[in-house]
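*Asks:* The following block contains a protein sequence and its predicted model.
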Amino acid sequence: TGTLQNEIGMRSMPGYTRFMSQGTGKVWINGVEEEAYVLYNRVYSLNSSDIQFYSQPLGLLTDWIAFWDTENNFYHVDVTNVAKPTAIYQTHQIAILDDNNHGVYKTFSVDIKRDTNKLPTHYTVNLNDPINVVLDFTRKDYYNRSTNESLPWIMGNIEGSVIKPDGQKIEGIGILKYINN
């Protein structure tokens, strides 16, 4: 990879700080070099119990998205509804744009529409002010991350476009994590 700057501040609390960084890199598969997108998370914590919040079922509905468009903009979305919130894990929504000049913009207003399949395949995601774009994409595949088959918890590759306010579409790819328990 190139230098990863940890330029996206995700959470800053007295005992727990989390940064993200995105970029490009190379991966070698069977001796063949391929271009790759990179998403790196870094957590600083004085007490790991501050970030260990999955000790009980919380009734989560999560749509987590990382999306890179062909104009070198990166979008991150995390919309999570928590039916049984804890002191350190509650319902939240955030969308981030790391633009091609590495300006970072955040919104805490995200509207997600997904199809009605048990494992959704098509999404329309409105990232509101100040980002003001729509992500429209389809999930192409998935990997089941659940430890038992009854819990919908998947990760999958996505393809689609960013739709700007003027209607311009910019193609892109990314990954989706979907949890519904």
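*Replies:* Nice, thanks for sending it over.
*Asks:* Now stretch 170-181: buried residues?
*Replies:* 172-180 (16 or more other C-beta atoms under 10 Å). Quick note: C-beta positions are derived from backbone N, CA and C, even for glycine.
*Asks:* Which two among those are spaced furthest apart?
*Replies:* Gly172 and Asn180 (24.6 Å; C-beta to C-beta).
*Asks:* list the helices and strands the helix or strand Glu159 falls within packs on?
*Replies:* Following DSSP states H and E, one finds Glu159 within strand 153-163. Applying 3 or more C-beta pairs under 8 Å, 6 or more residues apart in numbering; DSSP states H and E, one finds that strand 153-163 makes contact with strand 60-69, strand 133-139, strand 143-144, strand 169-180.
*Asks:* what pairs with Ala95 across the strands?
*Replies:* Taking DSSP bridges as the rule, Ala95 bridges to Val77, Thr107.
*Asks:* so how far is Leu127 from it?
*Replies:* 4 Å (C-beta to C-beta, to the nearest Å).
*Asks:* between the two, what contacts are shared?
*Replies:* Common contact partners of Ala95 and Leu127 (C-beta atoms under 8 Å, 6 or more residues apart in numbering): 75, 77, 107, 110.
*Asks:* Farthest from the middle of the protein: give me that residue.
*Replies:* Using C-alpha atoms, centre = their mean, the residue of the chain lying farthest from its centre is Gly31. It sits 29.8 Å away.
*Asks:* Quick check: Asp63 touching Thr124?
*Replies:* No - Asp63 lies out of contact with Thr124 (C-beta atoms under 8 Å); the separation is 11.5 Å.
*Asks:* what about stretch 98-110, how long is it end to end?
*Replies:* Criterion C-alpha to C-alpha, to the nearest Å; first-to-last residue distance in stretch 98-110 is 16 Å.
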